[in-house]
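Engineer: Kindly generate the corresponding structure for this input.
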Amino acid sequence: MTGLVAAQVDFGSFDPVAETARILALTGLATVAALVVAVVYRWYTRERVPEGVSVLLGVSAVALVLNTEETLKLVMQGRDGLPAEATAVVTVATFVAAALGTGLGRRLGDGVASNAFAVTGAARLDREVSQLVRAVGRVVTVTLPDEVDDIDGYDPVDPEVKADLAGTTFVFPRRITVADLQDRVVTRLKDDYGVGHVDLELEPDGTVEYLAIGSRAAGLGPTLAPGTVAVAVQADPANGASPGDVVQVWERTDDEGLVRHATGELRATTEKDVVTLAVDETDAEALSDTTTYRLVTLPTEPSADREFASLLRAADETMSAVELADTSELVGRSVADLDVTLAAIRGPDGGVTATPPRGTELVAGSTLYIVERPAALRRFEALARGEEAKPLS
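Structural biologist: Alright, predicted model coming up:
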C-alpha cells in the first residue's frame, strides 16, 4: 500500500499536456529531418530514398536531442526529473512517433523534390549545381549535345531515347584520364539507355565534340549474313546435329523419291521436331511449313564469307569502303602506316587484294575496305577523302 501511494505521488508530477507537446515537437523534428534527406537523395540519385535510411536518420536526430537533454540534466543541479517509469514511457512513445513522422517526411520530401525538379528541369539543375561543385575542382561534368546523330551502318535509335539524351549531364570524379572518362560515358549510355553503339569524342575538360549512337538489334537477325534468311520447318534432324552445323534439307516424294531442296545452317531445334535454319533467300521459297523434311549433316564448315559477315554484324566493329582521294595525305603511304584494320584494297584497275601485305603502297583512286569501330572509322574516312590532315599514330 505504501509503494502504491509512493508511485501515485511520483506520477503526480507527470504533466500529460507538456509531455505530449514534447513528443509532437520531436516528431516534427524527425519529419523535417526525413524530408530534407528525401529531397537531397532525390536530387543526387534521381531515385526515392530507401525507407530504412530515412527512418534511421530521423530517429537519430531525435536521439541526439534526447541525449543532449539528459546530459544537461546531469550537469544542472537542483532540477527534479520524472520518475524512471514515466521517463521510459515517454521515451518509447517519442521514438515510435518519430519513426511514424519519418515516413510522412519521406513521402512529402520525395513529392516536393520530384515536382520541383520536373518544373525547373533536372538537366538544368544538374548543370548548375555540377558547375558549382566543379569550380572547386572535385568533379568533371559531361553535358551531351542537344542533337544526337546516328551512326552510319547501324540501325537508328528510338527518337524518344535520343530526346531523353539531349542535354543530359553526367558527373564523374575529376582525377581520371580522358580515356577513362570516355569509357565511363559510353558505359552509362549503354547501361542506362540501352544504346548498342556509341561514337563519342571528348575534350580533356569534358566537352563533347561529337556524339552519335546506334542500336544493336537483338535476336537471330543480326547474326545472319546478307542474302540469308531464317526459316522454321518441320524436320527430323540427325542425332548428332547441333546449332552451327551445315545441313542439307531433303524431302521424300512419291514421284521423284528423295529431293534436295536447300543447304543451310542449323540454328535451333525443339522437342517437336521443329528446327530453325539459315538458308539463302532463293532456297527459302522452296520450303513449306506443312512438309516434314529430313536433315543430313555435312562434314563441312560454313563458308568463310558467311561466317565473317555473321560475326561482323554482331561485333562492335563495322566495315566501310572509302575511295582514296588525290588530296589525301595517305597517298604514297604504305599499309603499315595505317592505324586501322585494312581488309582489302580494290585498285584503280579493278583488281582486289585481300589482306594486303604491310608494304603495299596506297594509290589514289583505290577503294579501301576498313573494319573498325565507328569513331576510328569516321576519322579515317575523313582523312582518306582529304577533309582533314591528322597525323597517323
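
Engineer: what ranges do the helices span in the stretch 1-150 of the chain?
Structural biologist: For the stretch 1-150 of the chain, the helices defined by DSSP state H, counting those that start in this stretch cover 2-11, 16-45, 51-75, 84-120, 122-135.

Engineer: can you pull out the helices in the stretch 151-300 of the chain?
Structural biologist: Under DSSP H, counting those that start in this stretch, the stretch 151-300 of the chain gives helices at 159-165, 178-193, 281-284.

Engineer: any chance of the ones you listed in TSV, plus mean pLDDT and distance to residue 152?
Structural biologist: Bear in mind the C-beta positions are built from the backbone N, C-alpha and C, glycine included. Below are the helices of the stretch 151-300 of the chain laid out as TSV (pLDDT from 0 to 100; distance: least, CB to CB, whole Å):
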stretch	mean pLDDT	distance to residue 152
helix 159-165	85	16
helix 178-193	82	18
helix 281-284	84	25
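
Engineer: need these in JSON lines with mean neighbour count and distance to residue 51, can you?
Structural biologist: JSON lines is the format used below for the helices of the stretch 151-300 of the chain (neighbours: other CB atoms under 10 Å; distance: least, CB to CB, whole Å):
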{"stretch": "helix 159-165", "mean neighbour count": "14", "distance to residue 51": "28"}
{"stretch": "helix 178-193", "mean neighbour count": "15", "distance to residue 51": "24"}
{"stretch": "helix 281-284", "mean neighbour count": "14", "distance to residue 51": "56"}
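
Engineer: Out of those, flag the one nearest residue 247.
Structural biologist: Among the helices of the stretch 151-300 of the chain, the nearest to residue 247 by CB to CB is helix 281-284 (12.0 Å).

Engineer: Against which helices or strands is that closest one packed?
Structural biologist: strand 228-236, strand 257-269 (3 or more CB pairs under 8 Å, 6 or more residues apart in numbering; DSSP states H and E).

Engineer: How much space separates residue 107 from residue 51?
Structural biologist: Look at residue 107 and residue 51: by CB to CB, to the nearest Å, they are 10 Å apart.

Engineer: Wait, residue 367 touches residue 325, no?
Structural biologist: No: contact criterion CB atoms under 8 Å: residue 367 and residue 325 do not qualify, at 11.4 Å.

Engineer: Not counting its own residues, what contacts stretch 57-66?
Structural biologist: Stretch 57-66 is contacted from outside by 26-27, 29-31, 33-34, 37, 91, 94-95, 98-99, 101-102, 105, using CB atoms under 8 Å, 6 or more residues apart in numbering.

Engineer: Thanks a lot, catch you later.
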